[in-house]
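J.: I need the structure of the sequence given here:
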Amino acid sequence: MYKLRLFILVWLTAYGLILKAQLRDTLINVGNHSLHFTLMEGKGIPIIFESGAGNDASVWRKLMEPLSNKLGVPLITYDRAGFGKSEIDTVNVSLTNEVKDLKTALQQLGYPDWYFFVAHSFGGNFTMKFITTNPGQVVGTVMIDIVSPYFMTMERSKSLKREYASELDNIKKESLGFYHLVLNYEASTAVLHEVADKINVPMTVIGSGKSPFEEPDRSLFIAALKKFTDQKSNRRYLLAQHAEHHVFYDEPDLVIDEIVKLYQQTAFE
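T.: The predicted structure is shown next:
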């Protein structure tokens with residue numbers, strides 16, 4: 001019995017070391033700046049993670065090992081320009097250019113053709129733009145409490161930008177990435193409205209019951225996300241009633257299961 005326990009302990013330790021060895025941090029130059037990526041190696045179509053506004057890639061950390069164990073595919077997280085360890089080209093920063101830079105980086109990493117996306121909140125804007133810019137290359141996407149075009153009207157984006165106006169100097173000192181995100185908020189919303197109707201890839205939409213807004217906007221946010229899902233027959237909606245905006249913090253198993261389910265339906269075909 002002792003030898004069996006020792007064998008199991010050694011095996012688990014070695015397996016843990018293998019998983020840790022799979023993680024790779026790298027900086028990729030995309031022109032006038034570099035982006036920071038963290039990769040978990042695997043085989044197959046990579047899963048790309050798009051963080052929400054104000055977040056870097058670290059928000060996805062706890063999902064990496066369970067997903068790797070279940071799927072064994074490449075997992076790629078990155079800090080968008082100006083966040084985490086990524087640099088920023090303050091002259092040319094825009095949602096459209098950031099999507100181009102992501103594609104450039106993925107090609108340099110050896111992933112030129114096929115992708116599966118997981119996006120949270122404002123990251124949905126980037127994912128939808130990536131899908132329309134690279135038609136036929138995204139096989140599926142899981143959208144987690146994303147900002148839908150039915151909620152984020154141009155009027156609402158202008159109002160949110162005005163709310164941040166008095167804090168811009170402090171925001172600039174704390175985060176260049178978030179500073180430029182606020183400055184470009186209206187332009188990013190315009191891109192969202194331009195591309196949202198063109199998205200035809202299989203999609204699972206996970207909404208939170210406790211969106212980042214108070215009532216009555218909370219109910220409007222939830223209803224708008226459901227309306228966006230109902231637009232296409234290849235979209236599936238589920239509501240994590242008791243979860244807050246970062247659903248993968250409160251219900252990680254649900255999120256992991258939905259990613260695995262849609263990936264197996266789309267990327268393994």
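J.: in this structure, which residue is most central in space?
T.: For the chain, the residue nearest the mean C-alpha position is residue 50 (2.0 Å; CA atoms, centre = their mean).
J.: residue 115 is in contact with that one, correct?
T.: No - here residue 50 does not reach residue 115: they are 10.9 Å apart, not a contact under CB atoms under 8 Å. The C-beta positions use only the backbone N, C-alpha and C, and glycine is treated the same way.
J.: related to what we said a few turns ago, and the gap between the closest residue to the residue nearest to the centre of the chain other than its chain neighbours and residue 155?
T.: Spatial nearest neighbour of residue 50, chain neighbours left out: residue 123 (3.2 Å); criterion: CB to CB, 6 or more residues apart in numbering. Here residue 123 is placed at a distance of 23 Å from residue 155 (CB to CB, to the nearest Å).
J.: and the two? Which one has more around it.
T.: Per other CB atoms under 10 Å, whichever of residue 123 and residue 155 has more neighbours is residue 123, with 23 against 9.
J.: model confidence for the more buried one, exactly?
T.: Predicted confidence (pLDDT) for residue 123: 97.
J.: cool, residue 23 as well?
T.: The per-residue pLDDT reported for residue 23 equals 80.
J.: with residue 15 instead?
T.: Taking residue 15 on its own, its pLDDT is 43.
J.: count the residues that sit near the nearest residue to residue 26 once chain neighbours are set aside.
T.: Residue nearest to residue 26 in three dimensions, not counting chain neighbours: residue 37, with 5.4 Å by CB to CB, 6+ apart. For residue 37, the neighbour count with other CB under 10 Å is 23.
J.: secondary structure element for residue 37?
T.: Element membership for residue 37, per DSSP states H and E: strand 34-40.
J.: other residues contacting the next helix or strand after that strand?
T.: Following strand 34-40 in sequence order, the next helix or strand is strand 47-50 (DSSP H and E). With contact meaning CB atoms under 8 Å, 6 or more residues apart in numbering, strand 47-50 is reached by 57, 60, 67, 71, 73-78, 102, 106, 115-120, 123-124, 126-127, 259, 263.
J.: tell me what the residue nearest to residue 57 when sequence neighbours are not counted is bridged to.
T.: Using CB to CB, 6+ apart and skipping residues adjacent in sequence, the residue nearest residue 57 is residue 77, 3.7 Å away. Beta bridges link residue 77 to residue 38, residue 49, judged by DSSP bridges.
J.: rewinding a little: so the residue nearest to residue 50 makes contact with residue 56?
T.: No - applying CB under 8 Å as the test, residue 123 and residue 56 come out as separate, 11.4 Å apart.
J.: who touches both of those two?
T.: Shared contacts of residue 123 and residue 56 (CB under 8 Å, 6+ apart): none.
J.: can you list the buried residues in stretch 229-241?
T.: 229, 235, 237, 239, 240 (16 or more other CB atoms under 10 Å).
J.: likewise stretch 142-154?
T.: Residues of stretch 142-154 classed as buried: 142, 143, 144, 145, 146, 147, 148, 149, 150, 151, 152 (neighbour count, 16+ other CB under 10 Å).
J.: can you check stretch 72-84 too?
T.: Residues 73, 74, 75, 76, 77, 78, 79, 80, 81, 82, 83, 84 are the ones in stretch 72-84 that count as buried (16+ other CB under 10 Å).
J.: who are the contact partners of the residue nearest to residue 26?
T.: 25, 26, 27, 28, 57, 76, 77, 78, 105, 109.
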